[in-house]
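**Q** Take a look and give me a structure for this.
(6 chains)
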Amino acid sequence: MIFSLAIYGAPFSSQSSDTAYQFACALLEQGHSLHRVFFYHDGVYNGSTLATPPQDERNIPASWSQLAEQHGLDLVICVAAGLRRGMLDATESDRWEKPSHNLEQGFTLSGLGQLIEATMVSDRMITFGN
Amino acid sequence: MIFSLAIYGAPFSSQSSDTAYQFACALLEQGHSLHRVFFYHDGVYNGSTLATPPQDERNIPASWSQLAEQHGLDLVICVAAGLRRGMLDATESDRWEKPSHNLEQGFTLSGLGQLIEATMVSDRMITFGN
Amino acid sequence: MTEQQPDPKKILFLNRRAPYGSSLPREALDAVLMASAFGQEITLVFLEDGVFQLKKQQDPSNIEMKNFSKTFGALALYGVESVYVEQRSMEKRGLTLDQLLIPAKIIQSSELGALLEEQDQVLSF
Amino acid sequence: MTEQQPDPKKILFLNRRAPYGSSLPREALDAVLMASAFGQEITLVFLEDGVFQLKKQQDPSNIEMKNFSKTFGALALYGVESVYVEQRSMEKRGLTLDQLLIPAKIIQSSELGALLEEQDQVLSF
Amino acid sequence: MILHTVNRSPFGSDCLQSCLDIATIDSGVILIEDGVYCALANTELTELISTALTRHKIYVLSPDLQARGIADAVAEGIEAVDYAGFVELCTQFDKVVSWY
Amino acid sequence: MILHTVNRSPFGSDCLQSCLDIATIDSGVILIEDGVYCALANTELTELISTALTRHKIYVLSPDLQARGIADAVAEGIEAVDYAGFVELCTQFDKVVSWY
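**A** Coordinates of the predicted model:
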């Protein structure tokens, strides 16, 4: 079955991205397909490569990134929500003349259309709210 | 009178940092002293220099930064809460071997002791919750 | 945006938050507009504090925010005409249909269940 | 940390959130420990879902989080002994004092007002 | 004497109720952000608010009322203030307790 | 047939109540994160839950129960599942609606 996930909670603050991550692992384990994970609202912070939790604690952005690499996942951060909140890739950083960028490997910035497209083509769209 | 503010909400998502900012402007206008603004929990995102809202909308980190420059404010981001969530200055970025840093001018990373010290020495500590 | 898209789906947006305190209502509305650009069959439901999103006379200029409620008026132009407000949510808050920015149908919570069942997907905000 | 500090203040921490769903309870506890390191006169109050923070047997290993509730056991060593749980919050949730990790005094909401008034500052979490 | 701030809607949160349960007589309450919905006249909370007004002075942040389009629907006895008024209230009471 | 997820405590949020008001008979409810407090036996919500159980199958996410130290206090009739079980439920129902 084809799943997509929408995540609206900030990592380390709200449990929603933790739950979504465990859910993603479980569905992949069962052989389902994960079409897209869409990060919106405070969920965009899941894509920060600068997140530096204590070394004996989970690193949520790094976990997503590893999962994406293993399974070829499409991790999309809403570009409008992300820019507003300071989640930039190299291209956006250049465009807006910002001093740096902070997007973790495996994540991409893209439009809200990716949420709608995922909703249209997936058998199940699961929202993990904040 | 000596005020300090504690801010726990993410900018652009929760109204709390907007309210705190307007409150800070109003108290300074009245000639009160603002000992410290302490950013904790998701409030740490107020210090992102990468925040890029549409140009006709408010830029909360930039507003804090300007207010700090005008009035010599002490804008402190809790270092533990900030590191976890990916708010780094140059020093922390080097220490943790991260590819970049993203702290807006006028903000500093410091310990939770700064919240307690502010609570001790201020006539009023006002919490702006998330 | 229209080339080779899958068939339109019935998508319901469930809005339960008051405006301005959280940015979620505004972000939900952006998603609604996008879904309409994709030609989906859209239903909007306002429940609990979500009904406040449709209150007339909003003016957030003194809190330095955009008045996104103006966009509700444009929804009909985008072909979004299926708009419901839940009855008890309105009553509890002392709201009546004439205080709302756009025409909306009153729906009871018992009818909402069936409306949700008819959809292909439900997006909660 | 103790040189030339101002006099100790009476600081009350008001805890109203359940653990794990939000990180605020954990961050509140860090602030309590810091206040105790500064030698302040600390009072902890657990109200509403905050009383769940003190529930015995917490084990978040399967949600990949730290069991910060263990730290409550150390509070007495830090000199934090003034711990209250609000009566109706406990009752509504079916909780009794013997289910809590540490000794706590039951307080009624009507008495809480006076307790708050005695403080120099109140920090809400 | 305490000034309590309430920033959540009373319909989906316990903030107002808990604050009123605890607030001693003559302490103040200021409604901010989504808390301004507490100030609405003619809701299912009308009774709660009118009782509260016999014990407390209740204020509401006017820019937040305007934002939400409810400035003309405020229950009688509740006083609207701007940010400057909010600051003044914080100085008039001994301390501030936030409910959020 | 819908599977509803509830991730907030029932004591400070309307999520559970609204979900139950709307859910058609035979739809499912899964309690996750702070929503697992809905599953507690012997609270002021016992009546609401036992009525709900006559109309719905109610599940609760077991890692979240354990985290909160309430795995042995769950009301009878509520079924604990792990993340794999959560995924399976999502496939068994036609769609998923989130209450948060």
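**Q** drop to CA atoms for contacts and neighbour counts, all remaining ones
**A** OK.
**Q** thought A:Asn130 was touching F:Tyr100?
**A** Yes. The criterion here is Cα atoms under 8 Å, and A:Asn130 meets it with F:Tyr100 at 6.7 Å.
**Q** Enumerate every residue touching E:Ser62.
**A** E:Ala71, E:Ala80, E:Val81, E:Asp82 (Cα atoms under 8 Å, 6 or more residues apart in numbering or on different chains).
**Q** please redo it, this time with the cut-off set to 7 Å
**A** Listed by Cα atoms under 7 Å, 6 or more residues apart in numbering or on different chains, the contact partners of E:Ser62 are E:Ala80, E:Val81, E:Asp82.
**Q** same question, C:Lys55
**A** With Cα under 7 Å, 6+ apart, C:Lys55 has these contacts: C:Gln99, C:Leu100, C:Leu101, E:Gly69.
**Q** so how far is chain C from A:Trp96?
**A** Separation of A:Trp96 from chain C (Cα to the nearest Cα, to the nearest Å): 22 Å.
**Q** How about stretch A:38-57 and chain B, touching?
**A** Yes. Using Cα under 7 Å from any Cα of the partner chain, stretch A:38-57 reaches chain B at A:Asp42, A:Ser48, A:Leu50, A:Ala51, A:Thr52, A:Pro53.
**Q** got the phi/psi numbers for C:Asp59?
**A** phi -150, psi 90 (degrees, to the nearest 10).
**Q** residues contacting the closest residue to it other than its chain neighbours?
**A** Once flanking residues are discounted, C:Asp59 sits nearest to E:Ala67: 4.3 Å by Cα to Cα, 6 or more residues apart in numbering or on different chains. Each residue near E:Ala67 by Cα under 7 Å, 6+ apart is listed here: C:Gln58, C:Asp59, C:Pro60.
**Q** Show me what from chain C comes close to chain B.
**A** So chain C meets chain B at C:Tyr20, C:Gly21, C:Ser22, C:Ser23, C:Glu64 (Cα under 7 Å from any Cα).
**Q** Among the residues you listed, name the buried ones.
**A** C:Tyr20, C:Gly21, C:Ser22, C:Ser23 (16 or more other Cα atoms under 10 Å in any protein chain shown).
**Q** Tell me which two in these are the farthest apart.
**A** Across these, no pair lies farther apart than C:Gly21 and C:Ser23, at 6.8 Å, counting by Cα to Cα.
**Q** Pass me the low-pLDDT residue ranges in chain A, would you?
**A** For chain A, no stretch has pLDDT under 70.
**Q** Nearest residue to whichever residue of it sits closest to chain E in space, please, no chain neighbours.
**A** Nearest residue of chain A to chain E (Cα to the nearest Cα) works out as A:Asn130 at 15.2 Å. Leaving out its chain neighbours, the residue that sits closest to A:Asn130 by Cα to Cα, 6+ apart is A:Gly9, at 4.0 Å.
**Q** same deal with C:Asp120?
**A** Per Cα to Cα, 6+ apart, closest to C:Asp120 is C:Lys10, 5.1 Å.
**Q** The nearest residue to A:Leu112 once chain neighbours are set aside bridge partners, please.
**A** Leaving aside its chain neighbours, A:Leu112 sits nearest to A:Cys78 (5.7 Å; criterion: Cα to Cα, 6+ apart). Taking DSSP bridges as the rule, A:Cys78 bridges to A:Ser110.
**Q** A:Cys78 and chain D: what is the separation?
**A** In this view, A:Cys78 and chain D are 23 Å apart by Cα to the nearest Cα.
**Q** which residues sit in contact with E:Ala39?
**A** If you count contacts by Cα under 7 Å, 6+ apart, then E:Ala39 has E:Val74, E:Ala75 around it.
**Q** Kindly apply the preceding question to A:Leu109 instead.
**A** By Cα under 7 Å, 6+ apart, the contact set of A:Leu109 is A:Val76, A:Ile77, A:Cys78, A:Val79.
**Q** how near is it to chain D?
**A** Counting by Cα to the nearest Cα, the gap from A:Leu109 to chain D is 26 Å.
**Q** Could you check how far that residue is from chain B?
**A** For A:Leu109, the distance to chain B - Cα to the nearest Cα - is 14 Å.
**Q** sorry, back to before: tell me how many other residues surround the residue nearest to A:Leu112.
**A** Using other Cα atoms under 10 Å in any protein chain shown, A:Cys78 is surrounded by 23 other residues.
**Q** can I assume it is in contact with A:Asp42?
**A** No. With contact defined as Cα atoms under 7 Å, A:Cys78 does not count as touching A:Asp42 (10.4 Å).
**Q** quick one on the thing from earlier: list buried residues within the contacts of E:Ala67.
**A** Counted by 16+ other Cα under 10 Å, these give C:Gln58, C:Asp59, C:Pro60 as buried.
**Q** can you put those in JSON lines and add pLDDT?
**A** Shown next, in JSON lines, are the buried ones among the contacts of E:Ala67 (pLDDT from 0 to 100):
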{"residue": "C:Gln58", "pLDDT": "98"}
{"residue": "C:Asp59", "pLDDT": "98"}
{"residue": "C:Pro60", "pLDDT": "98"}
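**Q** List just the nearest of those to F:Ser27.
**A** Using Cα to Cα, the buried ones among the contacts of E:Ala67 come closest to F:Ser27 at C:Gln58, 37.5 Å.
**Q** Any residues of chain C in contact with chain E? List them.
**A** C:Gly21, C:Lys55, C:Lys56, C:Gln57, C:Gln58, C:Asp59, C:Pro60, C:Asn62, C:Ile63, C:Lys92, C:Arg93, C:Gly94.
**Q** Quick one: classify the fourth one as helix, strand or coil.
**A** Going back to what we said before, that points to C:Gln57. Three-state call for C:Gln57 (DSSP: H, G, I helix; E, B strand; the rest coil): coil.
**Q** for it, what are its contacts?
**A** Per Cα under 7 Å, 6+ apart, neighbours of C:Gln57: E:Gly69.
**Q** Please report the distance of it from chain A.
**A** From C:Gln57 to chain A the distance is 26 Å (Cα to the nearest Cα).
**Q** Backbone torsions only: list them for that residue.
**A** phi 70, psi 20.
**Q** Quick check: phi and psi on the residue most central in space within chain C?
**A** What sits nearest the mean C-alpha location of chain C, by Cα atoms, centre = their mean, is C:Leu44, with 4.1 Å. C:Leu44 adopts backbone torsions of phi -110, psi 130, taken as degrees, to the nearest 10.
**Q** these two touch, right, it and C:Phe13?
**A** Yes. Here C:Leu44 reaches C:Phe13: they are 5.0 Å apart, a contact under Cα under 7 Å.
**Q** Now list whatever residues contact both of these two.
**A** Contact criterion Cα under 7 Å, 6+ apart; residues shared by C:Leu44 and C:Phe13: none found.
**Q** Check whether the top helix by length along chain C comes near chain F.
**A** Scanning chain C for the longest helix, with DSSP state H as the assignment, gives helix C:24-37. No. Counting by Cα under 7 Å from any Cα, no contacts exist between helix C:24-37 and chain F, the nearest distance being 11.8 Å.
**Q** how about that helix: buried residues?
**A** Result for helix C:24-37 [16+ other Cα under 10 Å]: buried residues C:Leu24, C:Pro25, C:Arg26, C:Glu27, C:Ala28, C:Leu29, C:Ala31, C:Val32, C:Leu33, C:Met34, C:Ala35, C:Ser36.
**Q** Check the secondary structure at C:Ile11 for me.
**A** C:Ile11 ends up strand, using three-state DSSP.
**Q** mind checking how far it is from chain F?
**A** In terms of Cα to the nearest Cα, C:Ile11 sits 11 Å off from chain F.
**Q** Over to C:Pro103?
**A** 23 Å.
**Q** tell me which element that residue falls in.
**A** Following DSSP states H and E, one finds C:Pro103 outside all helices and strands.
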